[in-house]
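Participant: Starting from these lines, generate the structure:
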Amino acid sequence: MTRTNESAGFQYNFLDIRITHQAHVERGASCVTCHGNIAHDLSPVPTNRPRMESCYSCHARTDTCTKCHSAGIPPAPPPPPAPASGDMLGDGRVYYLRICSACHGPSGDRVKGVQLFSRDYQEKKGEEALVQAISQGRGRMHGFGLERQGPLAPAQVKALLGYLEEEATGGPTPQPETLYQRYCLTCHGEKGDQVAGIALFSLDKDQEALFRAVQLGKGGMQPFGRGEGGPLIRQEIQALLEYLREKSGAATPAPALDGRALYQEACSACHGPDGSALKGGEEDMRRAIIQGKGAMPPMAQDKGGTLSPEETEAIVQFLLRR
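Facilitator: Presented below is the predicted three-dimensional model:
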């Protein structure tokens, strides 16, 4: 494999992995024999590469690493991808997944004594110390700033830190009414309708669109998300939106989950458009989705996947009705 490819969405082969595809095909392998995760890659950032555990289902664990990593294991992390487009949540998340998550994990708590997504931890360390740790390194961690021959420019370090701050958990419980009065009241008024054409206390507002508007800004409104230079962490934005829902007269029931649509999104790429080839009883299907089976990884959220218990159940019920 080379480092470039004309196919849309192809991920560069940062790890210089050499696989003899023809030899595998001649031995009876198909694409999904190795790339069973192609529709639900759980790696940060997704690459659609097979996991080593999948390789070990055929190959011995005693095989030398250079059998596949012919150029040797890369001594440094891969460079971050190009900056995200303007409609994405921000580059900081991409930089974290690409550079930090391998050691710190997706929740930022894999290194003992370090809680990257804890608001208390961030405030105790202070922004200046965290920026210095990312740029210059600390303890056994080498620096990722350009001055240390790393991949991150100062603005990218700031974006990464902004992502950590925006995703922070813990600390004082956000007071949504206070947040509205402080950041929204002056422009939107007590009834949320002071800006022409905008009724904040309306039940028909798209919650995701509102979140993005508060976080990223919209029209003449500045961004309020911490990762965009504003004052609000994600918890506070969510609390603010919940306040808007309550003021609207609120709690609309959650729509029923569409098992067919969820199946099409999460399963059909490997298992076909209707799952007709899938065999097994109700519990077998539920267990396979939750825990994984063969080359298929676990799909449940508490196992590192993307499906909530309700979504898993909706897919199971769709498969039982098909």
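
Participant: The helix or strand containing Q122: which residues count as buried?
Facilitator: Q122 is located in helix 119-125, with elements delineated by DSSP states H and E. Within helix 119-125, the residues that qualify as buried by neighbour count (16 or more other Cβ atoms under 10 Å) are R119, Y121, Q122, K125. Glycine gets a C-beta too; all of them are placed from N, C-alpha and C.

Participant: What is the helix or strand just after it packed up against?
Facilitator: For helix 119-125, the following helix or strand on the C-terminal side (DSSP H and E) is helix 127-136. With contacts taken as 3 or more Cβ pairs under 8 Å, 6 or more residues apart in numbering; DSSP states H and E, helix 127-136 sits against helix 154-166.

Participant: So which other helices or strands are in contact with the helix it packs on?
Facilitator: Packed against helix 154-166, as judged by 3+ Cβ pairs under 8 Å, 6+ apart, are the following elements: helix 91-95, helix 127-136.

Participant: all strands for the stretch 101-250 of the chain, in order.
Facilitator: Counting by DSSP state E, counting those that start in this stretch, the stretch 101-250 of the chain has these strands, from start to end: 137-138, 141-142.

Participant: between the buried residues of helix 119-125, which is nearest V316?
Facilitator: Within these, distances to V316 taken as Cβ to Cβ reach their minimum at R119, with 37.4 Å.

Participant: Looking at that closest one now. What's its pLDDT?
Facilitator: According to the predicted model, the pLDDT of R119 comes to 87.

Participant: Quick one: neighbours of the closest residue to Y243 other than its chain neighbours, just the number.
Facilitator: Excluding its sequence neighbours, the residue lying closest to Y243 (Cβ to Cβ, 6 or more residues apart in numbering) is P176, at 3.4 Å. By the other Cβ atoms under 10 Å criterion, the neighbourhood of P176 contains 19 residues.

Participant: Against R61, how distant is P176?
Facilitator: The spacing between P176 and R61, counted by Cβ to Cβ, to the nearest Å, is 52 Å.

Participant: Looking at the buried residues of helix 119-125, spot the one nearest S308.
Facilitator: Distance ranking of those against S308, using Cβ to Cβ, places R119 first at 25.0 Å.

Participant: what's near enough to touch that closest one?
Facilitator: By Cβ atoms under 8 Å, 6 or more residues apart in numbering, R119 lies in contact with A168, T169, G170, G171, I233.

Participant: For H142, state which of the buried residues of helix 119-125 is nearest.
Facilitator: K125 (18.3 Å).

Participant: and that closest one, what does it touch?
Facilitator: Counting by Cβ under 8 Å, 6+ apart, K125 has contacts A133.

Participant: again with V114
Facilitator: Taking Cβ under 8 Å, 6+ apart as the definition, contacts of V114 comprise H104, G108, Y121.

Participant: hmm, try it at 7 Å
Facilitator: Contacts for V114 (Cβ atoms under 7 Å, 6 or more residues apart in numbering) come out as H104.

Participant: residues near G150, how many?
Facilitator: G150 has 22 neighbours, counted by other Cβ under 10 Å.

Participant: Kindly report the same for E128.
Facilitator: One way to gauge burial is a neighbour count; for E128, by other Cβ under 10 Å, it gives 8.

Participant: rewinding a little: nearest to Q194, of the helices and strands packed on helix 154-166?
Facilitator: For Q194, the closest of those is helix 91-95, at 32.5 Å, according to Cβ to Cβ.

Participant: Report all helices and strands that the closest one contacts.
Facilitator: Using 3 or more Cβ pairs under 7 Å, 6 or more residues apart in numbering; DSSP states H and E as the contact definition, the elements that helix 91-95 packs against are helix 154-166.

Participant: before we move on, back to that, generate a ChimeraX selection restricted to the buried entries among the contacts of R119.
Facilitator: The following ChimeraX selection, which keeps only the buried ones among the contacts of R119, applies the criterion 16+ other Cβ under 10 Å:
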select :168,233
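
Participant: For the contacts of R119, which two are the farthest from each other?
Facilitator: Distances among the contacts of R119 were taken as Cβ to Cβ; the most separated pair is G170 and I233, at 10.3 Å.

Participant: about what we covered before: of all the buried residues of helix 119-125, which comes closest to L185?
Facilitator: Sorting those by how near they are to L185, with Cβ to Cβ, puts R119 at the top with 24.9 Å.

Participant: ok so, going back, between the strands of the stretch 101-250 of the chain, which one is nearest to H35?
Facilitator: Nearest to H35 among these is strand 141-142; the distance by Cβ to Cβ comes to 32.4 Å.
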